[in-house]
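J.: Structure for the following, please:
(one chain, ligands or ions: 1)
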Amino acid sequence: MTTKSDATVVRLREVTKRFGGVEAVRDVSLEIRRGELLSLLGPSGCGKTTTLRLLAGFENPDGGWIEIDGRRVADGGSAPVPPEHRRVGMVFQDYALFPHLTVEKNVAYGLPRSAKRKNRIQEVLALTRLDGLGNRMPHELSGGQQQRVALARALAPEPALVLLDEPFSNLDAALRGQVRSEVREILTDAGATAVFVTHDQEEALSIADEVAVMLEGNLVQKAPPEELYHRPATREVAEFVGEANFLSGVAEGSCVRTALGEIECRGASGGEVEAMLRPEFVTLSKLPEQEYPGCEGTVVGREFYGHDQLIKVRLDCGVEVSSRLGPGPGFRVGSRVSVRAASPAVTYPGG
Ligand code: ATP
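T.: Numbers count the residues shown, from 1 in each chain. Below you'll find the predicted structure:
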């Protein structure tokens with residue numbers, strides 16, 4: 001028996017979309033559970049917007065099929081279900097509010113005339129923390145409030161799926177963090193299943209339940225944020241999501257021999273590999289007061305960010321590694337340090 005929380009709302013199976021000679025989306029298979037907030041993450045041109053538009057019905061796949069809420073909405077060449085009949089709500093990057101309509105009228109747009117209409121508008125305004133602002137015009141609202149109106153309008157007809165196209169890119173950095181968590185809370189309160197597109201990995205990791213990484217039209221990995229960060233499926237995902245040190249090495253069982261000595265590893269079990277270590281798991285101690293044996297090297301760079309700092313070290317064997325440390329007193333460029341891996345490495349087949 002399927003329960004409400006684990007029911008699959010969206011299924012894409014081997015979906016392909018071409019524009020002339022460009023395969024924008026290639027054989028993408030993906031499932032989204034009810035109530036899940038999924039981020040489509042990837043660099044510019046990787047196919048994330050096209051995937052969103054395929055779900056919305058603004059594009060039709062050349063191959064594969066899409067199901068939303070148990071209904072086949074697109075299937076290869078056959079006639080697709082039009083956007084307005086897919087039970088999908090859309091929040092556009094520029095919000096696309098009607099400038100000449102009040103907040104209430106914007107939200108009412110798309111709701112059928114019925115006795116419950118007025119109640120639903122008030123319900124959604126409360127859900128999106130817009131109570132009391134129903135009679136304002138869009139230009140009388142802040143950027144964050146305008147976005148909540150767009151979200152309210154998308155949520156009002158109780159869609160099976162909400163799609164958000166780069167929802168935070170129009171907000172300045174100071175507002176973005178706050179609006180992100182508000183949108184996350186609203187979607188959770190509404191019990192909505194949602195997909196949002198972003199190229200910002202911090203944004204994806206901090207608010208999504210699941211992150212789907214796309215690279216060159218392919219869906220490379222879909223996983224919860226922690227898994228994606230700590231166990232990236234490929235070297236390319238490791239590089240795109242966060243910062244990474246790659247060390248060539250030779251794996252034997254659960255260990256890999258690298259320029260940083262022998263490190264425990266997960267992944268490839270034998271032969272030449274590349275070992276990936278996040279900078280925050282590379283620890284430094286000053287020579288000669290080191291408390292543990294490590295490899296030795298010289299600090300060649302330091303970037304101070306306030307909440308943390310990134311120290312670049314050239315090991316005596318010539319290999320460079322980065323270490324992320326707290327904001328305390330740093331290691332000056334030129335100082336000698338002992339370097340150690342403080343976590344298992346993830347290994348990928350070596351080239
Ligand atoms: P961005 O972050 O820059 O918006 P994206 O990951 O969302 O990028 P898409 O917009 O999905 O990428 O584009 C994927 C590829 O398909 C790109 O090479 C793009 O140039 C191409 N493409 C997208 N839409 C069209 C179109 N209507 N006509 C022709 N090519 C297109």
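
J.: give me the number of residues near the closest residue in space to residue 252 that isn't next to it in sequence?
T.: Distances taken as C-beta to C-beta, 6 or more residues apart in numbering place residue 270 nearest to residue 252, at 6.4 Å, with adjacent residues excluded. Just so you know, the C-beta spots here come from the backbone N, C-alpha and C atoms, and that holds for glycine as well. By other C-beta atoms under 10 Å, the residues close to residue 270 number 11.

J.: Surely residue 270 is in contact with residue 255?
T.: No - between residue 270 and residue 255 there is no contact under C-beta atoms under 8 Å: 10.7 Å.

J.: Quick check, residue 254 in contact with residue 264.
T.: Yes - using C-beta under 8 Å, residue 254 is in contact with residue 264, at 6.0 Å.

J.: List the beta-bridge partners for the closest residue to residue 280 other than its chain neighbours.
T.: Nearest non-adjacent residue to residue 280, counting by C-beta to C-beta, 6+ apart: residue 324, 4.2 Å away. Note on residue 324: beta-bridge partners by DSSP bridges are residue 310.

J.: Report the contact partners of residue 324.
T.: Residues near residue 324 by C-beta atoms under 8 Å, 6 or more residues apart in numbering: 243, 278-280, 282, 308-311.

J.: Residue 129: what secondary structure?
T.: Classification of residue 129 by DSSP: H, G, I helix; E, B strand; the rest coil places it in coil.

J.: how deep is it tucked in, by neighbour count?
T.: 16.

J.: How about it: what's its closest non-neighbour residue?
T.: Once flanking residues are discounted, residue 129 sits nearest to residue 148: 6.5 Å by C-beta to C-beta, 6+ apart.

J.: what about that neighbour, how many neighbours?
T.: Residues lying near residue 148 (other C-beta under 10 Å) number 26.

J.: Can you classify it by secondary structure?
T.: Following three-state DSSP, the label given to residue 148 is helix.

J.: Am I right that it is in contact with residue 128?
T.: Yes - with contacts counted by C-beta under 8 Å, residue 148 reaches residue 128, the gap being 4.4 Å.

J.: who touches both of these two?
T.: residue 186.
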